[in-house]
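Enquirer: have a look at this prediction, sequence included:
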Amino acid sequence: MSVRPDVLNPFLGSGRDRRGWPLLAAGLLCLAVPTVWRLAHWVWPSDDQGHGALVLAVSMVLLAKRWSAARAAATAYRAVEPAHQAIVDRRLAWAVIAASLMLYILGRSQAILMAEVGSLIALACAVLLLELGRKGLRVLAFPLAFALFMIPLPEAMVAALTAPMKSAVSTVAAGLLQGMGQPVARSGVMLTAGPYQLLVADACAGLTTLFTLEALGLLYLHLRGYTAWWRNALMAVLVVPISFMANVLRVMTLVMVTLTWGDAAGQGFAHDFAGITLFMAALALLILVDTGVELLSAAGQRWAPAAQRSRAVKKAV
């Protein structure tokens with residue numbers, strides 16, 4: 001007779017006695033609160049990492065909305081779950097918990113936010129695996145994966161990857177403005193517009209902007225409910241050029257405002273408003289591209305049966 005592992009040990013997760021996982025959840029909360037407080041006071045107020053609070057809020061809302069479905073999936077699978085599979089899941093969860101705790105201690109003691117926040121997400125996945133099993137965790141996969149966009153990137157990595165992006169954005173923006181007959185010249189990431197000089201900063205063409213728009217694009221795809229993996233993968237890749245073009249439009253807008261109303265207008269309300277228009281333009285481009293992909297997909301579906309009938313007629317003849 002086989003005995004389920006969660007019956008033998010209440011700290012192994014879902015079963016007749018589930019006293020262990022609430023303690024783990026409480027421990028995770030005690031670790032997460034200081035980290036969130038630190039993020040809220042030192043990281044999220046900055047322009048580069050301001051999207052972190054929104055990512056956390058969206059992840060929590062999606063987790064709450066999908067929690068009932070995850071519990072239902074876990075209950076249905078638990079009735080037929082093989083004993084050996086339960087053992088594998090529990091051992092995997094505890095291994096992740098041990099590794100995540102060591103990573104958290106390292107990140108907390110050495111002030112490495114990337115390790116600290118990443119370890120908390122891994123801990124959350126492990127606790128949910130203990131409570132819900134792999135089927136329930138799979139239902140919550142997107143909210144947990146979406147939370148990865150909350151992880152602050154190291155400044156050295158951001159600086160190294162941002163420099164070529166800023167150069168490319170300033171080059172394209174200057175070329176388009178010159179083609180429109182505007183008095184614009186470029187030197188590196190510095191744009192000279194008439195008597196004014198504008199520096200293309202990280203916020204205008206940085207890596208964090210790309211990550212924010214990537215998160216926005218993935219959330220849009222999730223809300224649309226697409227099931228075809230190739231379509232989701234294609235749209236996730238296309239977010240990169242969409243982000244690039246949105247940044248180009250933002251820089252061009254600031255240059256035109258500066259040329260028309262002066263430097264004070266370009267650096268004041270218009271500068272902040274351009275940041276909002278960047279995301280509006282990116283969302284509009286994303287919807288436009290998604291509509292084009294949908295039309296092409298529908299045309300392909302109509303063409304495929306016709307092609308099959310044509311081949312069948314040729315074979316018959």
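Expert: Yep, it's here.
Enquirer: is A185 in a helix, a strand, or coil?
Expert: Here A185 takes the strand state, with states given by DSSP: H, G, I helix; E, B strand; the rest coil.
Enquirer: run through the bridge partners of it.
Expert: T192 (DSSP bridges).
Enquirer: residues contacting it?
Expert: A185 sits next to A174, L191, T192 when contact means C-beta atoms under 8 Å, 6 or more residues apart in numbering. Where you see a C-beta, it was placed from the backbone N, CA and C, and this is true even at glycine.
Enquirer: roughly how far apart are it and V139?
Expert: 55 Å (C-beta to C-beta, to the nearest Å).
Enquirer: and what of L130?
Expert: 15 Å.
Enquirer: got it, and V184?
Expert: Using C-beta to C-beta, V184 is found at 51 Å from V139.
Enquirer: so the two - more neighbours on which side?
Expert: For V184 and V139, the more surrounded residue by other C-beta atoms under 10 Å is V184, and the numbers stand at 23 against 19.
Enquirer: with pLDDT, distance to A25 and neighbour count added, can I get the contacts of A185 in TSV?
Expert: Shown next, in TSV, are the contacts of A185 (pLDDT from 0 to 100; distance: C-beta to C-beta, whole Å; neighbours: other C-beta atoms under 10 Å):
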residue	pLDDT	distance to A25	neighbour count
A174	89	53	24
L191	86	52	23
T192	86	57	15
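Enquirer: can you name the element that comes right after the lowest-mean-pLDDT helix or strand in the chain?
Expert: Within the chain, no helix or strand scores below helix 5-8, which has a mean of 41 by mean pLDDT, DSSP states H and E. Once the chain leaves helix 5-8, the next helix or strand it forms, by DSSP states H and E, is helix 20-38.
Enquirer: what's that next one packed up against?
Expert: helix 83-110, helix 113-139 (3 or more C-beta pairs under 8 Å, 6 or more residues apart in numbering; DSSP states H and E).
Enquirer: ok and it relative to helix 113-139, angle-wise?
Expert: 140 degrees (axes from the mean of the first three to the mean of the last three C-alpha atoms, to 10 degrees).
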